[in-house]
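Asks: how does the following fold in three dimensions:
(4 chains)
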Protein chains: 2
Amino acid sequence: MAQTTEHASRSSCPLACTLDVIGDHWSLLVIRDLMFLGRHEYKDMLNAEEGISTNILSDRLKRLEAGGLIDSIPHPESGRRKLYYLLPKGKDLVHVLTHMARWANQHLSPLVRIPPEKRALLVNKPDKLIEITLQQLDEWEKQFLKKKNKKG
Amino acid sequence: MAQTTEHASRSSCPLACTLDVIGDHWSLLVIRDLMFLGRHEYKDMLNAEEGISTNILSDRLKRLEAGGLIDSIPHPESGRRKLYYLLPKGKDLVHVLTHMARWANQHLSPLVRIPPEKRALLVNKPDKLIEITLQQLDEWEKQFLKKKNKKG
DNA sequence: TTTTACTACTTGCGAAATGCAAGTAAATGG
DNA sequence: CCATTTACTTGCATTTCGCAAGTAGTAAAA
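Replies: Numbers count the residues shown, from 1 in each chain, chains lettered A, B, ... in the order given. The predicted structure is shown next:
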């Protein structure tokens, strides 16, 4: 149960404790990449439109790994590549992220672009969207983690 | 629709846009204070156990105000005091925060202290907890904002 | 009335985090 | 073998945060 951030909290408030783990700009974007966008490699996350720096990406992956939210395996096709994936602790943030996306759709909409089918689900059936998301993560795992029951 | 953070996003992703507004450690704690803990004054937030600095608190209040999430009025009893409160845009973050609290309860529980009645609601009836929270905010507003329909 | 205390900030400066761009080591691919 | 890819690491400038003192306005106490 490592406390992985420089804001080692003096608080026992649940929200403060959560923010100690994921309360910075970049950590949640990394989790977003893994959860919704199928970005499992360092270079994929690095090339996302938000423009994270290499040192920050590396640092955040380390922290999330240390906190038990993500893990990684060597890529099955290449020894120089690496695949990151969400552990259950990380997956359980799907509700937080989904409600954030709903909030953005409601309050920041001129800035936000969501594909229409996704937007429809997000607005009308958020639970269904969550379910679909988690299923897709399951399928990814079946494909890539099936050979080793590693922290599955 | 001001973009109030240094991370002016190059992204149209809803999550990235949300994190541009509230994706730092302190902003969500300010919103938590207003939403769940009845801390409506600067000095109350300053004295919370997380230990925010005066300049950061002042800065975050300004940003949240500029982003339309909160507003303030003079305290009815004293010209040197000030009351901050959530606008609808800020209140709509109740779902995000509630799910964060649930996540903490599930995954960070040795660190987290939640009063038993609240924990029961959080775990079993989160929607009820949200409803109660919003009602309490309504009542606060009826008491303090009733004299001026100010951005109510 | 004057003095003291409270309130919401502001400020100066050191510490910490972030961002940029170049560099490095290991594993391919040609 | 050389060139490219991949996942980082590093040096340094910039930005943000944290600490503590300071400020201006509004009471409250003497």
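Asks: just the buried positions in the helix ranked longest in chain A, please.
Replies: Longest helix in chain A, counting residues (DSSP state H): helix A:126-144. Buried residues in helix A:126-144, defined by neighbour count with 16 or more other CB atoms under 10 Å in any protein chain shown: A:P126, A:L129, A:I130, A:T133, A:L137, A:W140. Heads up, the C-betas are built off the backbone N, CA and C, glycines and all.
Asks: of those residues, closest to DNA strand C?
Replies: Nearest to DNA strand C among the buried residues of helix A:126-144: A:W140, at 21.2 Å, using CB to the nearest atom of the strand.
Asks: distance of the closest one from A:L37?
Replies: Using CB to CB, to the nearest Å, A:W140 is found at 12 Å from A:L37.
Asks: which residue packs closest to A:L46, ignoring adjacent ones?
Replies: Computed as CB to CB, 6 or more residues apart in numbering or on different chains, the closest residue to A:L46 that is not its neighbour in sequence is A:L57, at 5.8 Å.
Asks: hmm, the longest helix of chain A touching DNA strand D?
Replies: No - for a cut-off given as CB under 7 Å from any atom of the strand, helix A:126-144 has no contacts with DNA strand D; the smallest distance is 13.1 Å.
Asks: mind checking if that helix is in reach of chain B?
Replies: No - for helix A:126-144, no contact with chain B is found by CB under 8 Å from any CB of the partner chain; the gap never falls below 9.3 Å.
Asks: give me the contacts around that helix.
Replies: A:35-36, A:38, A:40, A:73, A:76, A:83, A:85-86, A:91, A:94-95, A:98-99, A:102, A:118, A:121-122, A:152 (CB atoms under 8 Å, 6 or more residues apart in numbering or on different chains).
Asks: same question for stretch A:85-94.
Replies: A:22, A:28, A:31, A:34-35, A:40, A:64, A:67-73, A:130, A:133-134, A:137, A:140-141, A:144-145, A:151, B:103, B:106-107.
Asks: domains for chain A, by residue range?
Replies: A:1-87, A:93-142 (automatic domain parsing).
Asks: okay if I get those as JSON lines plus distance to B:L15 and mean pLDDT?
Replies: As requested, those are arranged in JSON lines below (distance: least, CB to CB, whole Å; pLDDT from 0 to 100):
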{"stretch": "domain A:1-87", "distance to B:L15": "5", "mean pLDDT": "90"}
{"stretch": "domain A:93-142", "distance to B:L15": "6", "mean pLDDT": "96"}
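Asks: how about those domains, which one is nearest DNA strand C?
Replies: Closest among the domains of chain A, using CB to the nearest atom of the strand: domain A:1-87, at 2.6 Å.
Asks: so what strands line up beside the longest strand seen in chain A?
Replies: Across chain A, the longest stretch assigned as strand under DSSP state E is strand A:78-86. When pairing is defined by DSSP bridges, strand A:78-86 lines up against strand A:70-75 (antiparallel).
Asks: would you mind writing the CA trace of the strand it pairs with as CSV?
Replies: Output of strand A:70-75 as CSV, limited to C-alpha atoms (Å, rounded to 0.1, in the frame of the first residue of the first chain):
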residue,chain,number,x,y,z
ILE,A,70,-0.6,-1.0,-13.6
ASP,A,71,1.9,-3.6,-14.6
SER,A,72,3.9,-4.5,-17.6
ILE,A,73,5.1,-7.5,-19.7
PRO,A,74,7.6,-7.8,-22.5
HIS,A,75,5.9,-7.5,-25.9
